[in-house]
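Colleague: Please find the sequence and the predicted model below.
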Amino acid sequence: MPGASVHRQLPATQAGRRLTMQTPQVHGKPVRASQSDYSELALPNDANVLGNVLGGKVMHLVDLAGAMAALRHARTPVVTASVDYMNFLHPVHIGQLIVLRSSVNRVFRTSMEVGVKVWVEDLLTGERQHTSSAYLTFVAVDTAGNRVHVPAVIPETEEEKRRYEEALRRREYRLELRERSHP
């Protein structure tokens, strides 16, 4: 139950009485609670002269889908802190449906890694093709822009557990890169 407290016994005082201190109970949320789906039709104003959707447009949609998952998990405003990796495997053409699925991979106190996978769907045939993937880091903030703690994420499936472990390695790599670039 959110906001519940756990009572903890403290050592006896000089008068022989025991004091009770309330400690907030932090509960985790399953990965599935953050999972978000987003779709958008590829339109001519989003494309280059070859009729392919601009990579920047796909990146914008990835950021939106990632933010939805982070918001669902944290239930507080979030800001994008980084995009670690993004690949473009296949072009997206005008008239195709861009389908994005995102979920929180791991939480690190005030930040969280979100994975986003992008498919393109041919609406006439129903054929889907994986076109992009990305890992983003979001930071939870209050209305004044101060960092706030985020509930833990609980991986349940083998795939979620794998992504959870891999997120730690990516975070360590990010921190190492940041350290090298800011001596």
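Modeller: Nice, I can see it. Numbering: from 1, shown residues only.

Colleague: For Ala70, see how far away the residue most central in space within the chain is.
Modeller: Centroid-nearest residue in the chain, with Cα atoms, centre = their mean: Val114, separated by 2.4 Å. Distance of Val114 to Ala70, computed by Cβ to Cβ, to the nearest Å: 5 Å. Just so you know, the C-beta spots here come from the backbone N, C-alpha and C atoms, and that holds for glycine as well.

Colleague: Now do the shared contacts for the two.
Modeller: Ser34, Val104, Phe138 (Cβ atoms under 8 Å, 6 or more residues apart in numbering).

Colleague: Next up, the contacts around the second one.
Modeller: By Cβ under 8 Å, 6+ apart, the contact set of Val104 is Val31, Ser34, Ala69, Ala70, His73, Met112, Glu113, Val114, Val153.

Colleague: repeat that with 10 Å
Modeller: When contacts are counted by Cβ atoms under 10 Å, 6 or more residues apart in numbering, Val104 touches 29-31, 33-36, 66, 69-70, 72-74, 112-115, 138, 150-153, 155, 160, 163-164, 167.

Colleague: Tell me which helix or strand Asp63 sits in.
Modeller: Asp63 is part of helix 55-74 when elements are defined by DSSP states H and E.

Colleague: CA atoms only: put that helix into CSV for me.
Modeller: Output of helix 55-74 as CSV, limited to C-alpha atoms (Å, rounded to 0.1, in the frame of the first residue of the first chain):
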residue,chain,number,x,y,z
GLY,A,55,15.7,9.7,-38.3
GLY,A,56,15.1,12.8,-36.1
LYS,A,57,11.4,12.1,-36.3
VAL,A,58,11.9,8.5,-35.2
MET,A,59,14.2,9.7,-32.4
HIS,A,60,11.4,12.2,-31.3
LEU,A,61,8.9,9.3,-31.1
VAL,A,62,11.4,7.2,-29.2
ASP,A,63,11.8,10.0,-26.7
LEU,A,64,8.0,10.3,-26.3
ALA,A,65,7.5,6.5,-25.9
GLY,A,66,10.3,6.3,-23.4
ALA,A,67,8.9,9.2,-21.4
MET,A,68,5.5,7.5,-21.2
ALA,A,69,7.1,4.4,-19.7
ALA,A,70,9.1,6.4,-17.2
LEU,A,71,6.1,8.5,-16.2
ARG,A,72,4.0,5.4,-15.8
HIS,A,73,6.6,4.0,-13.5
ALA,A,74,7.5,7.1,-11.4
